[in-house]
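Enquirer: fold the stuff below for me.
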Amino acid sequence: MGLRHSHFECQQCGYQTPRWLGRCPDCGTWGSLTEAVPPPPGGSERAQSAAPPPVPLCQAPGIAHRLAPTGIGELDRVLGGGLVPGGVILIGGDPGIGKSTLVLQAAGALGRRQLRVLYVSGEESLAQVAERGRRLGVSAPDLYLAAETSLEAVVEQIGSLKPAAVIVDSIQTVWSRSLESAAGSLSQVREVAGRLTEVAKRDEVGVWLVGHVTKEGSLAGPRALEHLVDTVIYFEGDRQHSHRILRATKNRFGPTDEIGVFEMRADGLAPVDNPSALFLAERPPHATGCIVVATLEGTRPILLELQALVTPTGAAVPRRVANGLDFQRVAMLLAVLEKRLDVRLATADVFLNVVGGLEIREPAADLGVLAAVLSSARNAPVDPHWGFFGEVGLGGEVRGVPHAERRLHELARLGFTRAVLPRASLEALPGDPPLETAGLNHVGALAELLRPARGGGRKPV
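Expert: The predicted structure is shown next:
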């Protein structure tokens, strides 16, 4: 029997080297190389089954009619309709954000629909999981719990129980005896995820893997894990706020730009059917620098409050702070204000914040950013019943954005009386807008629209 020579493997990118190094030459991460011993010949216990014969594309079964809704509307929206037989879902999020609560509630919802679910906990005992389930009101006869960290034992339980869905919380705690490395290492995570994916595809079992997010904001373990699974969703939120955002970054069975909104309560996570009303619930009336922007997350329009504060600074270099917005884009918009509208911001600090902790990723918020900064710089509040959306270019032009009709209907539904939008989007509407509109083609028109009334004061413009 030949000797098995160990090697060192980076836990971030998978780089391998025969000797230990303090810094990975590939990704540059310090202290990420750990020793890994290759498995013995024949040590892997992957099932050796005959490959099924190929079938013509026209005869291959689809998945649309096999979707099993979980009954949690916000979760089904992000997943693309519900649980897919044989689909592998990776759920990531910061520690304590509510991942275990979400998957346990989803398991209970599937169990109440008479779908057998196996919940495997590698971090908590059965008593801890059961106690959380009672607190959340999860009660289903078809929900089975197991406190297990051995991959081989989990696969055996799946084979004997034959569930419709398996939840593994978390994948970093499960290990395979075919490898000598520690649980959570790169090789173990790859082996565990690959084996569970094989079981999911072979037995048509929906597998949910819970993963932790590192301080750098990426899923703990290899990035290759995200390419292995079918769906990757992140559970985001600020612990200081009660709401949580479920966002899909990869989905082979549905859209990747949908979000689900939940509210964390004492009895668990409650889906929010009307997120716009949630984010605008505490909006101050007639405050300077407060603007409502109509954003779009997937197919869902969401109204968000955008606040700006422009104040004189005594520092040599003024501060620029943007929470919930892309900093580089904010810097570009401030440069457009100074160049095209002659607004002097070189001696002022500018602070921008998206209320509620949600992050705006689309350029349709550009017009709202400029309106908020102008309102604060002029110390003149904007009518609280106005909504804004539109993209702004470097020349000061206001460019059209997609799905203007959906944004307008959301503004009208929540009682807004006027929408400020690009003229191109206004002219492309298929019918009459549901509220009063102001179409702009240049930021100069925005400055005139928001010009304070004569005589000064803090009157709404």
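Enquirer: quick one: the helices in this structure, in order.
Expert: 73-79, 99-112, 126-136, 151-161, 186-203, 224-228, 275-279, 327-340, 366-378, 404-413, 423-427, 443-449 (DSSP state H).
Enquirer: okay if I get those helices as a markdown table plus mean neighbour count?
Expert: The way it works is simple: take the backbone N, C-alpha and C, and place the C-beta from them, glycine included. Listed next are the helices of the chain as a markdown table, based on neighbours: other CB atoms under 10 Å:
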| stretch | mean neighbour count |
| --- | --- |
| helix 73-79 | 22 |
| helix 99-112 | 23 |
| helix 126-136 | 15 |
| helix 151-161 | 16 |
| helix 186-203 | 21 |
| helix 224-228 | 16 |
| helix 275-279 | 19 |
| helix 327-340 | 16 |
| helix 366-378 | 26 |
| helix 404-413 | 20 |
| helix 423-427 | 18 |
| helix 443-449 | 17 |
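Enquirer: for residue 60, which of the ones you listed is the nearest?
Expert: Of all those, helix 186-203 sits nearest to residue 60, with 13.9 Å by CB to CB.
Enquirer: alpha carbons of the closest one, as PDB, please.
Expert: Included here for helix 186-203 are C-alpha records, laid out as PDB according to Å, rounded to 0.1, in the frame of the first residue of the first chain:
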ATOM      1  CA  LEU A 186     -12.800  23.100   2.000                       C
ATOM      2  CA  SER A 187     -12.500  19.500   1.100                       C
ATOM      3  CA  GLN A 188     -15.300  18.500   3.600                       C
ATOM      4  CA  VAL A 189     -17.700  21.100   2.400                       C
ATOM      5  CA  ARG A 190     -17.100  20.100  -1.200                       C
ATOM      6  CA  GLU A 191     -17.600  16.400  -0.400                       C
ATOM      7  CA  VAL A 192     -20.700  17.000   1.700                       C
ATOM      8  CA  ALA A 193     -22.400  19.300  -0.900                       C
ATOM      9  CA  GLY A 194     -21.500  17.100  -3.800                       C
ATOM     10  CA  ARG A 195     -22.900  14.000  -2.100                       C
ATOM     11  CA  LEU A 196     -26.100  15.700  -1.000                       C
ATOM     12  CA  THR A 197     -26.500  17.100  -4.500                       C
ATOM     13  CA  GLU A 198     -26.100  13.600  -6.000                       C
ATOM     14  CA  VAL A 199     -28.800  12.300  -3.600                       C
ATOM     15  CA  ALA A 200     -31.100  15.200  -4.400                       C
ATOM     16  CA  LYS A 201     -30.900  14.600  -8.200                       C
ATOM     17  CA  ARG A 202     -31.100  10.800  -7.900                       C
ATOM     18  CA  ASP A 203     -34.000  10.600  -5.500                       C
END
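Enquirer: what's the angle from it to helix 151-161?
Expert: 10 degrees (axes from the mean of the first three to the mean of the last three CA atoms, to 10 degrees).
Enquirer: quick one: contacts of helix 186-203?
Expert: Where contact means CB atoms under 8 Å, 6 or more residues apart in numbering, the residues beyond helix 186-203 that reach it are 9-11, 14, 34, 36, 44, 46-47, 49, 86-88, 151, 154-155, 158-159, 162, 166, 168, 171-172, 174-176, 178-179, 181-182, 205-207, 209, 221-222, 224-225, 228-229.
Enquirer: out of those, which are buried?
Expert: Listed as buried from the contacts of helix 186-203 are 9-11, 14, 36, 86-88, 151, 154-155, 158, 166, 168, 171-172, 174-176, 178-179, 181, 205-207, 209, 221-222, 225, 228-229; burial here means 16 or more other CB atoms under 10 Å.
Enquirer: hang on, the earlier thing: out of the contacts of helix 186-203, list just those in strands.
Expert: Secondary structure assignment (DSSP state E) places 9, 10, 34, 36, 88, 166, 168, 206, 207, 209 from the contacts of helix 186-203 within strands.
Enquirer: from those, which shows the smallest pLDDT?
Expert: For the ones in strands among the contacts of helix 186-203, the minimum pLDDT belongs to residue 36; the value there is 73.
Enquirer: out of the helices of the chain, nearest to residue 240?
Expert: helix 275-279 (14.9 Å).
Enquirer: pull the distance from the closest one to the chain's centre.
Expert: For helix 275-279, the separation from the chain centroid amounts to 17 Å (computed by CA atoms, centre = their mean, to the nearest Å).
Enquirer: stretch 341-358 now?
Expert: Stretch 341-358 sits 25 Å away from the centroid of its parent chain (CA atoms, centre = their mean).
Enquirer: cool, stretch 200-209 as well?
Expert: Centre to centre, stretch against its chain (CA atoms, centre = their mean), the figure for stretch 200-209 is 23 Å.
Enquirer: once you drop chain neighbours, what's closest to residue 93?
Expert: Excluding the flanking residues, the one nearest residue 93 by CB to CB, 6 or more residues apart in numbering is residue 235, at 3.5 Å.
Enquirer: how much space separates the one you found from residue 13?
Expert: Applying CB to CB, to the nearest Å, the value for residue 235 to residue 13 is 24 Å.
Enquirer: more neighbours: the two, which one.
Expert: Remark: of residue 235 and residue 13, residue 235 carries more neighbours, 23 against 17, as counted by other CB atoms under 10 Å.
Enquirer: right, and that one touches residue 95 too?
Expert: No: checked against CB atoms under 8 Å, the pair residue 235 and residue 95 is beyond contact range at 11.0 Å.
Enquirer: so what's the residue nearest to residue 93 up against?
Expert: Applying CB under 8 Å, 6+ apart, the residues contacting residue 235 are 91, 92, 93, 97, 98, 99, 102, 244, 245, 246.
Enquirer: distance between stretch 126-136 and the chain's centre?
Expert: Its chain's C-alpha centre lies 26 Å from the corresponding centre of stretch 126-136 when counted by CA atoms, centre = their mean.
Enquirer: run through who's touching that stretch.
Expert: Outside stretch 126-136, the residues that touch it by CB under 8 Å, 6+ apart are 100-101, 104-105, 108, 119, 121, 139, 143, 145-147, 267-268.
Enquirer: change it to 6 Å
Expert: When contacts are taken as CB atoms under 6 Å, 6 or more residues apart in numbering, the neighbours of stretch 126-136 outside the stretch itself are 105, 121, 145, 147, 268.
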